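Visitor: just a sequence and a predicted model for now, questions to come.
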Number of protein chains: 2
Amino acid sequence: MPDTAAPPAKPTRAQAVHAALRRAIVEQALMPGDRLPEDAIARSFGVSRTVVRAALAQLQAEGLAQLRAHRGAEVARLSLAEAQDIFDMRRCLEVEAATRLARQASEADCARLDSHIAAEELEAAGDTARSIRLAGEFHVLLAELAGNHVLLGYVADLVSRSSLILAQYGRPHSPECGVREHRDIVAALRARDPARAATLMRRHLDDVAARALLHEPPPRARDLGAILDQYSTGATLGRDDVA
Amino acid sequence: MPDTAAPPAKPTRAQAVHAALRRAIVEQALMPGDRLPEDAIARSFGVSRTVVRAALAQLQAEGLAQLRAHRGAEVARLSLAEAQDIFDMRRCLEVEAATRLARQASEADCARLDSHIAAEELEAAGDTARSIRLAGEFHVLLAELAGNHVLLGYVADLVSRSSLILAQYGRPHSPECGVREHRDIVAALRARDPARAATLMRRHLDDVAARALLHEPPPRARDLGAILDQYSTGATLGRDDVA
DNA sequence: GCCGGCAAGATTGTATACAATCCTTTCTCC
DNA sequence: GGAGAAAGGATTGTATACAATCTTGCCGGC
């Protein structure tokens, strides 16, 4: 298929920096609200600010960073409403993906999902960062197998941002996904049962959202604004906007 | 509501160039496959290549431009498969948006949609570019009223790319949307009838896709590869990939 | 006559320098 | 003592220059 693949030709420096920052954010090495000064990043990677700028711009396009003119970039801080929107949309899209895949899944597809789950189980008790990443990649893989490239891109996007939510509102070190639930979903796919696959996926994502959205304040607040936002709702102040 | 609004502070040059190029593409002044040389664009806008670069990068993130290392940028040329994926996803997301909005639409919401449709009708026989844009914006507005910011962003994305598809595969100057169908959808929203709204939206998008995907070769082919792709399937050559 | 290599031109990738803007601190005045 | 203004520092926005890469046209050999 004339895919848009074959990029490992020679990744440009901007792409390399982008990938590195992205991984750092997804694996929660960089926490929401952490500042991303061009100069410091440029020194860290041994490149010029130009390439860092490009990387940050792409990060913003993915919703992982927040850029404000003349005020620098920081790892995106999502409001509770945004976080709920993201999980809401994950339910919508991933239920759709599961439904479609249940209608058309080949044994090869299921085998790929199985082997991925095996990798998840191996890492379950090990490295937290890798475990988080693998759990997310299961969902991305499932969306990929559903066959719609746009759907794949959106799910990948949402899964990445879910890491942000988990970092900000979730209990530290809690696994994002239950591996057991992944197995059940694959079983439904193998049984070619779209309704069951959809139900399991929806329930799974409900659980994930419940674990991620504990409505707790951010564990470590590195920015005053984030804290005050928690108190700004219904406050006695006259302001109606936090712009 | 603490929206992400309030950007008209002072748009940076890169944002301005990005907006201009985006409009040019959406209004089909720039056709798929048209090259976008940094130098020429920089001269046109009276800025440096740096800002053009940033604008092009953002365009790529939106799927409107295609950047290949050392080979420059061009307006994205979508394959037929990609075009179908996009309309497939539009059905999925916009049916969802219509369903949700039908459950919660206020009279103010419906009024906004009405006035937008009125604008569409005014422009229907007038400027083609503006008509195309307005037809798309109806769908974006509906998604916005559905209340999920992520959904809004995705629909806006897909609507923009639909312009690309129409430019590449559709009949020239054909209106993308029937205004009549928009009215019917709003009627269903006002009646608080989610099932009917969903059905109408699905049918409407089927029509839009049918008009946009005529399976014709691009009217004016400016790039050889696009033509040869039409003939490369099942050819007698031994190659198995067009990478 | 056709295929390979090679050089010139064009275009992008990257680095650096300067200008503009924002935040912080401090000073002055009330 | 507190509020406002201004200066300083830090950071980003933009322009330009140079290096790397790709494409194109030409030439020699088979």
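Guide: Thanks, I have the structure now. Numbering: from 1, shown residues only, chains lettered A, B, ... in the order given.

Visitor: got phi/psi on residue A:193?
Guide: Main-chain torsions, residue A:193, degrees, to the nearest 10: phi -120, psi 90.

Visitor: report all helices and strands that the longest helix along chain A contacts.
Guide: Assignment by DSSP state H gives helix A:80-104 as the longest helix of chain A. If you count contacts as 3 or more C-beta pairs under 8 Å, 6 or more residues apart in numbering or on different chains; DSSP states H and E, helix A:80-104 packs onto helix A:128-145, helix A:149-169, helix A:179-190, helix A:194-212, helix B:80-104, helix B:149-169. Quick note: C-beta positions are derived from backbone N, CA and C, even for glycine.

Visitor: which other helices and strands does the one helix or strand residue A:122 maps to contact?
Guide: With elements taken from DSSP states H and E, the one containing residue A:122 is helix A:107-124. Helix A:107-124 sits against helix A:128-145, helix A:179-190, with contacts defined as 3+ C-beta pairs under 8 Å, 6+ apart.

Visitor: need those in CSV with mean pLDDT and mean neighbour count, can you?
Guide: Formatted as CSV, those follow (pLDDT from 0 to 100; neighbours: other C-beta atoms under 10 Å in any protein chain shown):
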stretch, mean pLDDT, mean neighbour count
helix A:128-145, 91, 21
helix A:179-190, 95, 19
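
Visitor: in this structure residue A:38 contacts residue A:53, no?
Guide: Yes: if you go by C-beta atoms under 8 Å, residue A:38 and residue A:53 touch, sitting 6.1 Å apart.

Visitor: who has more neighbours, these two?
Guide: Using other C-beta atoms under 10 Å in any protein chain shown as the criterion, residue A:38 and residue A:53 rank with residue A:53 on top: 22 against 17.

Visitor: need the contact list for the more buried one.
Guide: Applying C-beta atoms under 8 Å, 6 or more residues apart in numbering or on different chains to residue A:53 gives the contacts A:38, B:54.

Visitor: please redo it, this time with the cut-off set to 10 Å
Guide: Contact partners of residue A:53, counting by C-beta atoms under 10 Å, 6 or more residues apart in numbering or on different chains, are A:14, A:17, A:38, A:41-42, A:67, A:73, B:14, B:50, B:53-54, B:57.

Visitor: and stretch A:25-42, is it in reach of chain B?
Guide: No: Stretch A:25-42 is not in contact with chain B by C-beta under 10 Å from any C-beta of the partner chain; minimum separation 13.1 Å.

Visitor: contacts only, for the residue most central in space within chain A.
Guide: When C-alpha atoms, centre = their mean is applied to chain A, the residue found nearest the centroid is residue A:160 (1.7 Å). Shown in contact with residue A:160 (C-beta under 10 Å, 6+ apart): A:22, A:25-26, A:59, A:62-64, A:86, A:133, A:136, A:140.

Visitor: among the helices and strands packed on helix A:107-124, which is nearest residue A:200?
Guide: Closest to residue A:200 of the helices and strands packed on helix A:107-124 is helix A:179-190 (C-beta to C-beta; 4.9 Å).

Visitor: walk me through the domains of chain A.
Guide: A:13-77, A:80-212 (automatic domain parsing).

Visitor: looking at those domains, which is nearest to DNA strand D?
Guide: DNA strand D lies closest to domain A:13-77 among those, at 3.1 Å (C-beta to the nearest atom of the strand).

Visitor: and that closest one, how far from the chain's centre?
Guide: Averaging C-alpha positions (C-alpha atoms, centre = their mean, to the nearest Å) puts domain A:13-77 16 Å from its chain's average.

Visitor: what is the mean pLDDT for it?
Guide: Mean pLDDT, domain A:13-77: 93.

Visitor: next, the distance between the ends of that domain.
Guide: 26 Å (C-alpha to C-alpha, to the nearest Å).

Visitor: kindly report the same for stretch A:73-84.
Guide: 23 Å.

Visitor: buried stuff in that stretch?
Guide: Neighbour counts using 16 or more other C-beta atoms under 10 Å in any protein chain shown place A:73-78, A:82-84 of stretch A:73-84 among the buried residues.

Visitor: tell me, which of the residues you listed make contact with DNA strand D?
Guide: Residues of the buried residues of stretch A:73-84 in contact with DNA strand D (C-beta under 7 Å from any atom of the strand): residue A:73.

Visitor: so which strand or helix has residue A:73?
Guide: strand A:72-75.

Visitor: hmm, that strand touching DNA strand C?
Guide: No: interface with DNA strand C: strand A:72-75 contributes nothing (C-beta under 7 Å from any atom of the strand), its closest point being 8.7 Å away.

Visitor: so what secondary structure elements neighbour that strand?
Guide: Judged by 3 or more C-beta pairs under 10 Å, 6 or more residues apart in numbering or on different chains; DSSP states H and E, strand A:72-75 is in contact with helix A:13-26, strand A:35-36, helix A:38-45, helix A:49-61, strand A:65-68, helix A:149-169.
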